[in-house]
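Asks: How does the following fold in three dimensions:
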Amino acid sequence: MARYTGPKTKIDRIFGEPILGNGKYLGKNPNPPGQHGANRKRKQLGEYALQLKEKQKAKYTYGVLEKQFHNTFVEAARLKGVTGDNLIKLLESRLDNTVYRLGLTASRPAARQLVSHKHVTVNGHIVNIPSYRLKPGDIVGLKEKSEGNTSVTSSIRGKNPKISWLDWNETEKKGTFITAPERESVPENIKVQLIVELYNK
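Replies: Okay, here's the model as predicted:
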């Protein structure tokens, strides 16, 4: 799942929202995938199915494998505070997610590739681990050679002003991870309480 290469629109249609893409084709065909599409009768999802679907949505959104996701949840449960909120904080603190949030790439898969190919630095040092956990004050940018690579810089679009937990320096093309965000600040529609209930069964 960390390297899903199938049709992105299919995943968007499963969840009814743009999980992996920009959702431009979702408006044309919002029905769930399958042979009968909108005509297929579906039973109302039970409690377990809803919880599992929410976990799958979070995994697809952040591009995390099952084992990685479970380990992240266990770590979130150990921390002080609300487990669901801690889970989002840990996922948002990943380097690949932060590269995406800073606007250095157009998608999380592209951000993961940028990190893996050693284009990204943290505090001036190259880090090629997408799951690297950032700490408050860490500075994320591109290595010097990559700053002159048009194939890398052409995808830079700048940070969304709504992402308040990151600071973006347009001149230097670097961003600072200020702090892990609170759940209400994260725009993704993930019901973390359902995930917590699933793991606590």
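
Asks: CA only for contacts and neighbour counts going forward, please
Replies: Will do.

Asks: what distance separates the lengthiest helix in the chain from the centre of its chain?
Replies: Ordering each helix of the chain by length in residues (DSSP state H) puts helix 47-62 first. Centre-to-centre, helix 47-62 and its host chain are 14 Å apart (C-alpha atoms, centre = their mean, to the nearest Å).

Asks: Any buried residues in it, and which?
Replies: Of the residues in helix 47-62, 50-62 count as buried by neighbour count, 16 or more other C-alpha atoms under 10 Å.

Asks: ditto for stretch 122-130
Replies: 122, 126-130.

Asks: can you check stretch 110-121 too?
Replies: When burial is assessed from 16+ other C-alpha under 10 Å, stretch 110-121 yields the following buried residues: 110-115, 119-121.

Asks: can you tell me which two in the residues you listed are farthest apart?
Replies: 110 and 121 (15.7 Å; C-alpha to C-alpha).

Asks: so what's the residue nearest the centre of the chain scoring on pLDDT?
Replies: Centroid-nearest residue in the chain: residue 62, 3.1 Å away (criterion: C-alpha atoms, centre = their mean). What the model reports for residue 62 is a pLDDT of 93.

Asks: what's the answer for residue 171, then?
Replies: The model's pLDDT for residue 171 equals 87.
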